[in-house]
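> Sequence first, then the predicted structure, then my questions.
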Amino acid sequence: MPKASLFPHDARFNAVMGVIKVLYHNNKTLPVAELTTLSHMRVDTLLPQLNAAKLLGLVVLKDGKATLTKLGEQIHVNDQKAKEQVSKKLVTLEPFKAAYAISKKKHAFTTGDLVDALLENGLSHHTDYVENRALLHTTLIQWAIYFDILDYNGRDKKWLENE
């Protein structure tokens, strides 16, 4: 069984949505090279966005082409059921899976608590603890709040169980 891996820390919600929008308005499929040109992203910036979209079931990557899925089309038009589906998928992927579990158990936790829990399972974006914590924090800000997985109290620097 393959070891769990972390959701790409350099995937940004707005960039993924931009890629989806470009695909949607271009017959829902494009060669990745053309998508790079049309999205005005370098390939090293585009690939994490495509990887995140693939993990979430929003695109299919095959034979050098990116194709929008039905779920990708639905998320493009801001369908609430699609948002719920993506949320359910996110909580099966690390670091969201661990963050969600900690929130249910403790109701509030710090990004450091999450880093420690992930490190126990050998998962880390970066070998430097401070950098790793910053990357995880940004990933949660980008995805967990919008998809109603967690809430965040910035004053206390605590992630909260979404109620």
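Nice, thanks for sending it over.
> tell me which strands and helices the helix ranked longest in the chain is in contact with?
If you go by DSSP state H, the chain has its longest helix at helix 129-143. Packing partners of helix 129-143 (3 or more C-beta pairs under 8 Å, 6 or more residues apart in numbering; DSSP states H and E): helix 96-106, helix 111-120, strand 150-153. For every residue, glycine as well, the C-beta is placed using N, CA and C.
> can you list contacts of that helix?
With contact meaning C-beta atoms under 8 Å, 6 or more residues apart in numbering, helix 129-143 is reached by 7, 9, 11-13, 90, 95-96, 99, 111-112, 114-115, 118, 124-126, 149-150, 152, 159.
> Now do that helix against helix 96-106, angle only.
Helix 129-143 and helix 96-106 are oriented at 90 degrees to each other (axes from the mean of the first three to the mean of the last three C-alpha atoms, to 10 degrees).
> Now do helix 129-143 against helix 111-120: the angle between them, please.
110 degrees.
> chain center to helix 129-143, what's the gap?
Mean C-alpha position of helix 129-143 versus that of the full chain (C-alpha atoms, centre = their mean, to the nearest Å) differs by 12 Å.
> cool, stretch 55-63 as well?
14 Å.
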